[in-house]
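K.L.:
what follows is a predicted protein model with its sequence.
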Amino acid sequence: MAFNQDNWLLRVRNLTKIYGEPNERTLAQTGPEFGSNICPETESIVACADISFDLYPGEVLGIVGESGSGKSTVVKMLYFDLEKTFGAAWLKPYNDGLSDILQESNQRKRYIRNNLMGMVYQNPRDGLNFGFSSGGNIAEKLIMAGQMNVGNIRARASDLLNKTEVPVQRMDNRPGTFSGGMQQRVQISKAIANNPPLLFLDEVTTGLDVSVQAKVLDLIRELQTDLGIAMIVVSHDLSVIRMLTDRVMVMKNGRIVESGLTDQILQDPQHEYSQLLVSSLL
Ligand SMILES: Nc1ncnc2c1ncn2[C@@H]1O[C@H](COP(=O)(O)OP(=O)(O)OP(=O)(O)O)[C@@H](O)[C@H]1O
(Lines give C-alpha, C1' and ligand atoms only; values in the text may rest on other atoms or scores of the structure.)
Protein backbone atom coordinates (compact mmCIF):
# COMPACT_ATOMS: atom_id res chain seq x y z
CA MET A 1 0.00 0.00 0.00
CA ALA A 2 1.38 3.47 -0.87
CA PHE A 3 0.72 6.37 1.49
CA ASN A 4 0.69 10.05 0.63
CA GLN A 5 3.59 11.61 2.55
CA ASP A 6 1.69 14.82 3.37
CA ASN A 7 -1.33 13.00 4.62
CA TRP A 8 0.03 11.69 7.93
CA LEU A 9 -2.36 10.78 10.72
CA LEU A 10 0.14 10.69 13.59
CA ARG A 11 3.52 12.37 13.58
CA VAL A 12 6.00 11.54 16.35
CA ARG A 13 9.36 13.22 16.86
CA ASN A 14 12.19 12.37 19.26
CA LEU A 15 9.97 10.68 21.77
CA THR A 16 12.10 9.80 24.78
CA LYS A 17 11.47 8.36 28.23
CA ILE A 18 14.18 8.27 30.87
CA TYR A 19 13.69 7.00 34.42
CA GLY A 20 15.97 8.38 37.13
CA GLU A 21 18.25 11.38 36.85
CA PRO A 22 20.20 11.40 33.60
CA ASN A 23 23.16 13.64 32.86
CA GLU A 24 24.22 15.11 29.53
CA ARG A 25 26.12 11.92 28.62
CA THR A 26 23.30 9.46 29.37
CA LEU A 27 21.93 9.26 25.83
CA ALA A 28 25.40 8.93 24.31
CA GLN A 29 26.29 6.07 26.69
CA THR A 30 23.24 3.88 26.22
CA GLY A 31 21.66 1.99 23.33
CA PRO A 32 22.29 -1.08 21.20
CA GLU A 33 25.99 -0.33 20.64
CA PHE A 34 26.44 -0.54 24.43
CA GLY A 35 24.05 -3.48 24.78
CA SER A 36 22.28 -1.62 27.57
CA ASN A 37 19.71 1.06 28.30
CA ILE A 38 21.23 1.86 31.72
CA CYS A 39 23.50 4.88 32.02
CA PRO A 40 26.82 3.72 33.54
CA GLU A 41 27.32 7.06 35.30
CA THR A 42 23.89 7.86 36.68
CA GLU A 43 22.16 4.45 36.51
CA SER A 44 19.18 6.20 34.93
CA ILE A 45 17.21 3.97 32.55
CA VAL A 46 16.59 5.06 28.97
CA ALA A 47 13.33 3.19 28.32
CA CYS A 48 13.26 4.66 24.80
CA ALA A 49 14.99 7.51 23.01
CA ASP A 50 14.68 9.46 19.78
CA ILE A 51 11.64 7.65 18.48
CA SER A 52 10.44 9.43 15.33
CA PHE A 53 7.97 8.25 12.73
CA ASP A 54 4.87 9.19 10.72
CA LEU A 55 1.82 6.93 10.61
CA TYR A 56 -0.66 7.25 7.74
CA PRO A 57 -4.45 6.83 7.86
CA GLY A 58 -5.31 3.14 7.70
CA GLU A 59 -1.69 2.04 8.00
CA VAL A 60 -0.56 -0.68 10.39
CA LEU A 61 2.83 -0.07 11.97
CA GLY A 62 4.54 -2.74 14.04
CA ILE A 63 7.01 -2.25 16.87
CA VAL A 64 9.02 -5.39 17.50
CA GLY A 65 11.85 -6.14 19.89
CA GLU A 66 12.82 -8.22 22.88
CA SER A 67 11.39 -7.74 26.35
CA GLY A 68 12.58 -4.45 27.84
CA SER A 69 13.48 -2.86 24.48
CA GLY A 70 11.02 0.00 25.04
CA LYS A 71 8.08 -0.97 22.80
CA SER A 72 5.31 -0.54 25.36
CA THR A 73 6.78 2.70 26.64
CA VAL A 74 6.34 4.25 23.17
CA VAL A 75 2.63 3.45 22.92
CA LYS A 76 1.95 4.22 26.56
CA MET A 77 3.32 7.74 26.12
CA LEU A 78 1.24 8.23 22.98
CA TYR A 79 -1.89 7.02 24.81
CA PHE A 80 -1.01 9.30 27.77
CA ASP A 81 -0.55 6.41 30.22
CA LEU A 82 3.01 7.64 30.76
CA GLU A 83 4.54 11.12 30.75
CA LYS A 84 7.22 11.75 28.17
CA THR A 85 10.69 13.00 29.10
CA PHE A 86 11.25 14.64 25.69
CA GLY A 87 9.57 14.68 22.33
CA ALA A 88 6.37 15.69 20.60
CA ALA A 89 3.42 14.14 18.78
CA TRP A 90 0.70 15.51 16.52
CA LEU A 91 -2.57 13.84 15.55
CA LYS A 92 -4.23 15.16 12.38
CA PRO A 93 -7.87 14.87 13.54
CA TYR A 94 -7.02 16.92 16.64
CA ASN A 95 -6.80 20.63 15.88
CA ASP A 96 -5.82 19.77 12.32
CA GLY A 97 -2.50 18.38 13.54
CA LEU A 98 -1.30 21.78 14.76
CA SER A 99 -1.01 21.01 18.50
CA ASP A 100 1.54 18.82 20.21
CA ILE A 101 -0.86 16.41 21.94
CA LEU A 102 1.74 15.53 24.59
CA GLN A 103 1.66 19.17 25.79
CA GLU A 104 -2.11 19.36 26.12
CA SER A 105 -3.97 19.64 29.45
CA ASN A 106 -5.20 16.47 31.11
CA GLN A 107 -8.74 17.38 30.13
CA ARG A 108 -7.80 17.68 26.44
CA LYS A 109 -5.81 14.45 26.66
CA ARG A 110 -8.90 12.68 28.02
CA TYR A 111 -10.90 14.06 25.11
CA ILE A 112 -8.31 12.80 22.60
CA ARG A 113 -8.19 9.36 24.23
CA ASN A 114 -11.95 8.99 24.41
CA ASN A 115 -12.69 10.20 20.91
CA LEU A 116 -9.68 9.66 18.70
CA MET A 117 -7.81 6.67 20.12
CA GLY A 118 -8.35 3.13 21.30
CA MET A 119 -6.01 0.89 23.27
CA VAL A 120 -5.95 -2.86 23.70
CA TYR A 121 -3.60 -4.01 26.47
CA GLN A 122 -1.93 -7.37 26.92
CA ASN A 123 -3.78 -7.84 30.18
CA PRO A 124 -7.56 -7.43 29.78
CA ARG A 125 -7.69 -6.14 33.36
CA ASP A 126 -5.83 -3.00 32.24
CA GLY A 127 -8.38 -2.21 29.54
CA LEU A 128 -11.62 -3.49 31.04
CA ASN A 129 -13.45 -2.76 34.24
CA PHE A 130 -14.08 -6.23 35.66
CA GLY A 131 -16.82 -4.83 37.91
CA PHE A 132 -18.95 -3.95 34.85
CA SER A 133 -20.67 -6.26 32.36
CA SER A 134 -19.13 -6.59 28.89
CA GLY A 135 -21.86 -4.33 27.50
CA GLY A 136 -21.28 -1.93 30.39
CA ASN A 137 -17.61 -1.68 29.47
CA ILE A 138 -18.47 -0.64 25.93
CA ALA A 139 -21.13 1.74 27.25
CA GLU A 140 -18.54 3.35 29.52
CA LYS A 141 -16.37 4.25 26.53
CA LEU A 142 -19.37 5.59 24.58
CA ILE A 143 -20.58 7.65 27.53
CA MET A 144 -17.11 9.14 28.06
CA ALA A 145 -17.28 10.33 24.46
CA GLY A 146 -20.58 12.08 25.21
CA GLN A 147 -23.19 9.57 24.07
CA MET A 148 -26.25 9.59 26.31
CA ASN A 149 -29.05 7.66 24.64
CA VAL A 150 -29.36 4.28 26.41
CA GLY A 151 -31.09 2.61 23.46
CA ASN A 152 -28.39 3.72 21.03
CA ILE A 153 -25.62 2.72 23.41
CA ARG A 154 -27.08 -0.77 23.86
CA ALA A 155 -27.57 -1.20 20.13
CA ARG A 156 -23.98 -0.13 19.44
CA ALA A 157 -22.66 -2.48 22.17
CA SER A 158 -24.50 -5.47 20.75
CA ASP A 159 -23.37 -4.56 17.23
CA LEU A 160 -19.74 -4.42 18.41
CA LEU A 161 -19.97 -7.71 20.30
CA ASN A 162 -21.43 -9.28 17.19
CA LYS A 163 -18.62 -7.92 15.08
CA THR A 164 -16.00 -9.29 17.46
CA GLU A 165 -17.85 -12.61 17.77
CA VAL A 166 -18.69 -12.38 21.45
CA PRO A 167 -22.11 -14.01 22.00
CA VAL A 168 -24.50 -11.08 22.41
CA GLN A 169 -26.50 -12.98 25.02
CA ARG A 170 -23.45 -12.61 27.28
CA MET A 171 -23.61 -8.81 27.06
CA ASP A 172 -24.78 -8.56 30.66
CA ASN A 173 -22.10 -10.90 32.02
CA ARG A 174 -18.87 -9.62 33.52
CA PRO A 175 -15.59 -10.25 31.66
CA GLY A 176 -14.29 -12.26 34.64
CA THR A 177 -16.63 -15.07 33.58
CA PHE A 178 -15.17 -15.12 30.02
CA SER A 179 -12.22 -17.01 28.51
CA GLY A 180 -9.00 -15.08 27.84
CA GLY A 181 -9.70 -14.90 24.11
CA MET A 182 -13.20 -13.61 24.71
CA GLN A 183 -11.92 -10.99 27.17
CA GLN A 184 -9.59 -9.73 24.44
CA ARG A 185 -12.53 -9.54 22.04
CA VAL A 186 -14.48 -7.43 24.53
CA GLN A 187 -11.43 -5.24 25.02
CA ILE A 188 -11.19 -4.79 21.24
CA SER A 189 -14.92 -3.95 21.06
CA LYS A 190 -14.48 -1.31 23.71
CA ALA A 191 -11.38 0.12 22.06
CA ILE A 192 -13.09 0.61 18.69
CA ALA A 193 -16.48 1.67 20.11
CA ASN A 194 -16.08 5.30 19.03
CA ASN A 195 -14.65 4.51 15.60
CA PRO A 196 -11.25 5.95 16.49
CA PRO A 197 -8.90 6.64 13.58
CA LEU A 198 -6.03 5.21 15.66
CA LEU A 199 -5.78 2.00 17.66
CA PHE A 200 -2.88 0.82 19.83
CA LEU A 201 -2.45 -2.92 20.38
CA ASP A 202 0.12 -3.89 23.02
CA GLU A 203 1.02 -7.63 22.97
CA VAL A 204 -2.67 -8.46 22.66
CA THR A 205 -2.22 -12.14 21.88
CA THR A 206 0.65 -12.87 24.28
CA GLY A 207 -0.53 -15.33 26.88
CA LEU A 208 -3.36 -16.79 24.77
CA ASP A 209 -3.38 -20.37 23.46
CA VAL A 210 -2.01 -20.60 19.93
CA SER A 211 -5.40 -21.44 18.34
CA VAL A 212 -7.07 -18.57 20.22
CA GLN A 213 -4.21 -16.27 19.21
CA ALA A 214 -4.84 -17.05 15.55
CA LYS A 215 -8.54 -16.18 15.89
CA VAL A 216 -7.85 -12.87 17.64
CA LEU A 217 -5.28 -11.98 14.96
CA ASP A 218 -7.82 -12.84 12.25
CA LEU A 219 -10.34 -10.58 13.94
CA ILE A 220 -7.87 -7.68 14.10
CA ARG A 221 -7.07 -8.12 10.43
CA GLU A 222 -10.74 -8.20 9.49
CA LEU A 223 -11.47 -5.07 11.51
CA GLN A 224 -8.57 -3.32 9.90
CA THR A 225 -9.80 -4.20 6.42
CA ASP A 226 -13.44 -3.35 7.19
CA LEU A 227 -12.92 -0.17 9.18
CA GLY A 228 -9.57 1.07 7.86
CA ILE A 229 -8.31 2.02 11.33
CA ALA A 230 -4.62 2.90 11.57
CA MET A 231 -2.90 0.72 14.12
CA ILE A 232 0.31 0.52 16.07
CA VAL A 233 0.94 -3.10 16.94
CA VAL A 234 3.49 -3.85 19.66
CA SER A 235 4.77 -7.42 19.79
CA HIS A 236 7.90 -9.37 20.63
CA ASP A 237 6.61 -11.97 18.15
CA LEU A 238 7.67 -11.42 14.56
CA SER A 239 4.99 -13.79 13.27
CA VAL A 240 2.33 -11.43 14.69
CA ILE A 241 4.11 -8.50 13.04
CA ARG A 242 4.27 -10.39 9.74
CA MET A 243 0.58 -11.16 9.83
CA LEU A 244 -0.68 -7.69 10.75
CA THR A 245 1.66 -4.92 9.72
CA ASP A 246 2.62 -2.92 6.64
CA ARG A 247 5.69 -1.37 8.17
CA VAL A 248 7.81 -2.18 11.18
CA MET A 249 10.29 -0.55 13.54
CA VAL A 250 12.74 -2.90 15.22
CA MET A 251 13.78 -1.78 18.72
CA LYS A 252 16.69 -2.77 20.91
CA ASN A 253 17.89 -1.20 24.18
CA GLY A 254 15.43 1.66 23.82
CA ARG A 255 16.34 2.66 20.23
CA ILE A 256 15.03 1.98 16.76
CA VAL A 257 17.72 -0.10 15.07
CA GLU A 258 15.91 -0.59 11.77
CA SER A 259 12.62 0.39 10.18
CA GLY A 260 10.94 -0.18 6.84
CA LEU A 261 8.34 -2.19 5.01
CA THR A 262 7.63 -5.39 6.92
CA ASP A 263 8.07 -7.60 3.85
CA GLN A 264 11.40 -6.02 3.06
CA ILE A 265 12.74 -6.35 6.58
CA LEU A 266 11.62 -9.96 6.74
CA GLN A 267 13.29 -10.75 3.43
CA ASP A 268 16.44 -8.75 3.86
CA PRO A 269 17.09 -7.57 7.42
CA GLN A 270 20.06 -5.20 7.58
CA HIS A 271 20.78 -4.82 11.28
CA GLU A 272 22.42 -7.70 13.10
CA TYR A 273 19.63 -7.78 15.66
CA SER A 274 16.87 -7.82 13.00
CA GLN A 275 18.73 -10.69 11.31
CA LEU A 276 18.67 -12.59 14.58
CA LEU A 277 14.94 -11.95 15.01
CA VAL A 278 14.18 -13.03 11.45
CA SER A 279 16.29 -16.17 11.72
CA SER A 280 14.30 -17.16 14.81
CA LEU A 281 11.17 -17.16 12.62
CA LEU A 282 12.53 -19.78 10.23
N1 LIG B 1 8.80 2.52 36.25
C2 LIG B 1 9.98 2.18 35.70
N3 LIG B 1 11.13 2.50 36.33
C4 LIG B 1 12.32 2.18 35.79
N5 LIG B 1 12.47 1.54 34.61
C6 LIG B 1 11.37 1.19 33.96
C7 LIG B 1 10.06 1.49 34.46
N8 LIG B 1 9.14 1.03 33.58
C9 LIG B 1 9.86 0.45 32.57
N10 LIG B 1 11.19 0.55 32.80
C11 LIG B 1 12.27 0.06 31.93
O12 LIG B 1 12.12 0.61 30.64
C13 LIG B 1 12.55 -0.31 29.65
C14 LIG B 1 11.50 -0.46 28.58
O15 LIG B 1 10.33 -1.08 29.11
P16 LIG B 1 9.09 -1.49 28.19
O17 LIG B 1 8.03 -2.07 29.07
O18 LIG B 1 8.73 -0.38 27.31
O19 LIG B 1 9.72 -2.65 27.31
P20 LIG B 1 9.00 -3.62 26.29
O21 LIG B 1 9.87 -3.69 25.10
O22 LIG B 1 7.59 -3.21 26.09
O23 LIG B 1 9.09 -4.99 27.04
P24 LIG B 1 7.92 -5.88 27.66
O25 LIG B 1 7.22 -6.47 26.50
O26 LIG B 1 8.65 -6.88 28.51
O27 LIG B 1 7.09 -4.92 28.47
C28 LIG B 1 12.88 -1.61 30.39
O29 LIG B 1 14.26 -1.68 30.56
C30 LIG B 1 12.19 -1.44 31.71
O31 LIG B 1 12.87 -2.15 32.72
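P.N.:
Nice, I can see it. Numbering: from 1, shown residues only.

K.L.:
how far does stretch 78-86 sit from its chain's centre?
P.N.:
Computed by C-alpha atoms, centre = their mean, to the nearest Å, the chain-centroid distance of stretch 78-86 equals 13 Å.

K.L.:
residues from the stretch 1-150 of the chain in reach of the ligand?
P.N.:
The stretch 1-150 of the chain comes close to the ligand at residues Tyr19, Asn37, Ile45, Ala47, Gly65, Ser67, Gly68, Ser69, Gly70, Lys71, Ser72, Thr73, as judged by C-beta under 6 Å from any ligand atom. Heads up, the C-betas are built off the backbone N, CA and C, glycines and all.

K.L.:
which SS class is the closest residue to the fifth one other than its chain neighbours?
P.N.:
Just to be clear, that refers to Gly65. The shortest distance from Gly65 to any non-neighbouring residue, by C-beta to C-beta, 6 or more residues apart in numbering, is to Met251 (3.6 Å). What DSSP: H, G, I helix; E, B strand; the rest coil gives for Met251 is strand.

K.L.:
check Ile18 too.
P.N.:
Going by three-state DSSP: Ile18 is strand.

K.L.:
and it, bridged to which residues?
P.N.:
Val46 (DSSP bridges).

K.L.:
ok, what's across the strand from Val60?
P.N.:
Met231.

K.L.:
OK, contacts around it?
P.N.:
Gln224, Ala230, Met231, Ile232, Val233, Leu244, Thr245, Asp246, Arg247 (C-beta atoms under 8 Å, 6 or more residues apart in numbering).

K.L.:
what's the burial count for Ala49?
P.N.:
Each residue near Ala49 was counted by other C-beta atoms under 10 Å, and the total is 24.

K.L.:
what strand or helix carries it?
P.N.:
Counting by DSSP states H and E, the element that carries Ala49 is strand 45-55.

K.L.:
pLDDT below threshold where in this protein?
P.N.:
Scanning the chain for pLDDT under 70 picks out the ranges 1-3, 282.

K.L.:
which stretches of it form helices?
P.N.:
Here the chain has its helices, by DSSP state H, at 71-78, 106-116, 124-127, 134-144, 150-163, 180-191, 210-227, 238-244, 262-267, 272-281.

K.L.:
please produce a markdown table containing those helices, extended by mean neighbour count.
P.N.:
Below are the helices of the chain laid out as a markdown table (neighbours: other C-beta atoms under 10 Å):
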| stretch | mean neighbour count |
| --- | --- |
| helix 71-78 | 24 |
| helix 106-116 | 15 |
| helix 124-127 | 18 |
| helix 134-144 | 21 |
| helix 150-163 | 16 |
| helix 180-191 | 25 |
| helix 210-227 | 15 |
| helix 238-244 | 20 |
| helix 262-267 | 16 |
| helix 272-281 | 15 |
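
K.L.:
columns distance to Asn14 on top of those, output as TSV?
P.N.:
Formatted as TSV, these follow (distance: least, C-beta to C-beta, whole Å):
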stretch	distance to Asn14
helix 71-78	12
helix 106-116	19
helix 124-127	27
helix 134-144	30
helix 150-163	36
helix 180-191	27
helix 210-227	28
helix 238-244	24
helix 262-267	23
helix 272-281	22
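
K.L.:
of these, which approaches Glu59 most closely?
P.N.:
helix 210-227 (9.7 Å; C-beta to C-beta).

K.L.:
was I right about Gly260 contacting Arg247?
P.N.:
Yes: taking contacts as C-beta atoms under 8 Å, Gly260 lies within contact range of Arg247: 6.7 Å.

K.L.:
out of these two, which sits in the busier spot?
P.N.:
It is Arg247, of Gly260 and Arg247, that has more neighbours when counted by other C-beta under 10 Å, with 21 against 16.

K.L.:
wait, the more buried one touches Leu261, no?
P.N.:
Yes: applying C-beta under 8 Å as the test, Arg247 and Leu261 come out as touching, 5.7 Å apart.

K.L.:
does the residue nearest to the spatial centre of the chain have beta-bridge partners, and which?
P.N.:
Nearest residue to the geometric centre of the chain (C-alpha atoms, centre = their mean): Phe200, 2.4 Å. With DSSP bridges as the criterion, Phe200 is bridged to Met119, Ile232.

K.L.:
distance check, it against Gln122.
P.N.:
Distance of Phe200 to Gln122, given as C-beta to C-beta, to the nearest Å: 11 Å.

K.L.:
same question for Leu199.
P.N.:
Taking C-beta to C-beta, one finds Leu199 at 15 Å from Gln122.
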